[in-house]
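Engineer: Let me see the structure of the following:
(one chain, ligands or ions: 1)
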Amino acid sequence: MNENRSRWPMGKTVGGTHMLNNMIHYKAERKDFSDWFERAQDLDRFLEFFEHDLWSNVERGFTTELGTVFIDAAKSLGGIGPRKELEKLGIDTVVDLPQVGKNLQDHIGTGSELLLIENSLNLHPVDLVHPANVWNYFTSNHRQSSLSFGGCEAVGFVSLDSNYTSDLQFMVLPAGLTSDGGVHLRKILNLQDSVWDDYYEPLLRMGQPAVTVLPILLHPKSKGQIVLKSANVRDTPVIDPNYLASQDDVTVLIKGIRLLQKITQQPAARKVGLEFNPRPFPGCSMLPFDSDAYWECYVRSVTHTIYHPVGTCRMGHSALDSVVSSVDLRVHGVHNLFVADASVMPSLPSGNPNSVAMAIGEYFVRSNFPPIGMPTK
Ligand SMILES: Cc1cc2nc3c(=O)[nH]c(=O)nc-3n(C[C@H](O)[C@H](O)[C@H](O)COP(=O)(O)OP(=O)(O)OC[C@H]3O[C@@H](n4cnc5c(N)ncnc54)[C@H](O)[C@@H]3O)c2cc1C
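Structural biologist: Numbering: from 1, shown residues only. Here you go, the predicted structure:
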């Protein structure tokens, strides 16, 4: 990737990133949150939002959300954060909270153009904006138009005998990076031109369609951080996701690729002409193709964000190990400041986090503005 950087888009509008996401809804389980709350009654209250259909109520909530990246920057500039770091930048510390900006976690995935398919599925990004499809969307059954398609067709989960609900998620997309002719998708991934020319462009030239079944690491051991660059409010913060710092994270992703290889050998996959891309990835061709060392090189070259950053204002018990209280999401040591967004998650759920972010919004409202007659905290 250019400058080894992932792009992190954000929905800068009312409704936030939910307005641009893929709309994959994950129904979380108790196990996902087993160590999030000190008190069992708080966990029970939180889980109510998954057990009952309360989503419509969320809209009426008043929440203080800025998202995982900016909530941290805003707090630190206001003097709430790690004293040592604030002092270095000449910012007076109002409340010393060492965990502000720490514990950054994100889902990451690997494997673009790994799966080639004999026959095109005719559902690639160009189809989505084809005038005939736009016409069909408005004039006939819009549910059957490819314009109503969210980008991801199906998801699957795999457990590798850990304590989590699942360890790997697979996202099935009927397209590869080359499916839009190199116009847009390669830019989203911030791919280097040389890598594009060497690996992706030849497939495009041959008219070789690709599909994607993306292995996603659900519980990374690597943790990053967000720190202020300076005391200037106009300077963007430094985001260091620290991806793949733990070798265990690489190992899980390689397991995902190995599983994918097994999938391509299934009769149903053979029937549609699915095959593993035999071309070595640029920069990894000196390693024996298909060895674990080769796949480690591949994973370290082309793994990218799945856009689920969380954790920089984690909830917990005390100001030493967390930023907000798990009882009501109040910032430790500050009377009337709350955080209610994905940044308070102590760890990632075993699936897409938007439903969990919404549950956090509802939990905040119910904890601090309970309906009359309803018990709180
Ligand atoms: C491309 C993409 C696809 C995704 N797909 C899915 C999916 O299919 N399923 C799923 O579950 N999750 C998905 N996610 C993740 C999910 O959308 C996020 O986890 C969730 O929206 C996070 O909610 P939040 O409230 O923490 O932050 P956000 O939704 O990002 O809200 C932050 C809000 O703060 C505002 N803000 C930020 N800075 C400032 C400022 N300085 N001043 C004023 N306002 C500010 C922003 O405008 C925004 O409204 C996806 C994310 C992306 C980027």
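
Engineer: Closest residue of the stretch 1-150 of the chain to the ligand?
Structural biologist: G16 (2.4 Å; CB to the nearest ligand atom). In short, each C-beta sits where N, CA and C put it, glycine included.

Engineer: Run a quick check on that residue versus F70, I expect a contact.
Structural biologist: No: under the criterion of CB atoms under 8 Å, G16 makes no contact with F70, lying 10.7 Å away.

Engineer: List the contacts of S318.
Structural biologist: H332 (CB atoms under 8 Å, 6 or more residues apart in numbering).

Engineer: What separation do you get for the most centrally placed residue in the chain and L274?
Structural biologist: A centroid search over the chain (CA atoms, centre = their mean) returns H308, at 2.1 Å, as the residue closest to the centre. Distance, H308 to L274, by CB to CB, to the nearest Å: 27 Å.

Engineer: what do you get for R39?
Structural biologist: On the measure of CB to CB, R39 and L274 end up 49 Å apart.

Engineer: try N103
Structural biologist: Distance from N103 to L274, by CB to CB: 39 Å.

Engineer: between these two, which one's more packed in?
Structural biologist: N103 (23 against 19; other CB atoms under 10 Å).

Engineer: any idea which element D248 lies in?
Structural biologist: helix 247-264 (DSSP states H and E).

Engineer: That helix - contacts with which helices or strands?
Structural biologist: Other helices and strands packing on helix 247-264, by 3 or more CB pairs under 8 Å, 6 or more residues apart in numbering; DSSP states H and E, are strand 168-173, strand 210-217, strand 274-276, helix 292-302.

Engineer: The ligand contacts on the stretch 251-377 of the chain?
Structural biologist: Contacts of the stretch 251-377 of the chain with the ligand, taken as CB under 6 Å from any ligand atom, map to Y307, H308, D341, A342, N352, P353, N354, S355, A357.

Engineer: tell me the secondary structure for the fifth one?
Structural biologist: The three-state label for N352, taken from DSSP: H, G, I helix; E, B strand; the rest coil, comes out as coil.

Engineer: Phi, psi for it please.
Structural biologist: phi -70, psi 140 (degrees, to the nearest 10).

Engineer: Quick one: residues contacting it.
Structural biologist: Applying CB under 8 Å, 6+ apart, the residues contacting N352 are N22, I24, H25, Y26, V155, H308.

Engineer: Could you list the low-confidence segments of the stretch 51-200 of the chain?
Structural biologist: 52-65, 120-128, 141-146 (pLDDT under 70).

Engineer: mind listing the helices for it?
Structural biologist: For the stretch 51-200 of the chain, the helices defined by DSSP state H, counting those that start in this stretch occupy 55-58, 67-77, 83-88, 125-128, 131-139, 185-188, 193-195.

Engineer: Quickly note the distance from I117 to S6.
Structural biologist: 27 Å.

Engineer: One more: Y294?
Structural biologist: 22 Å.
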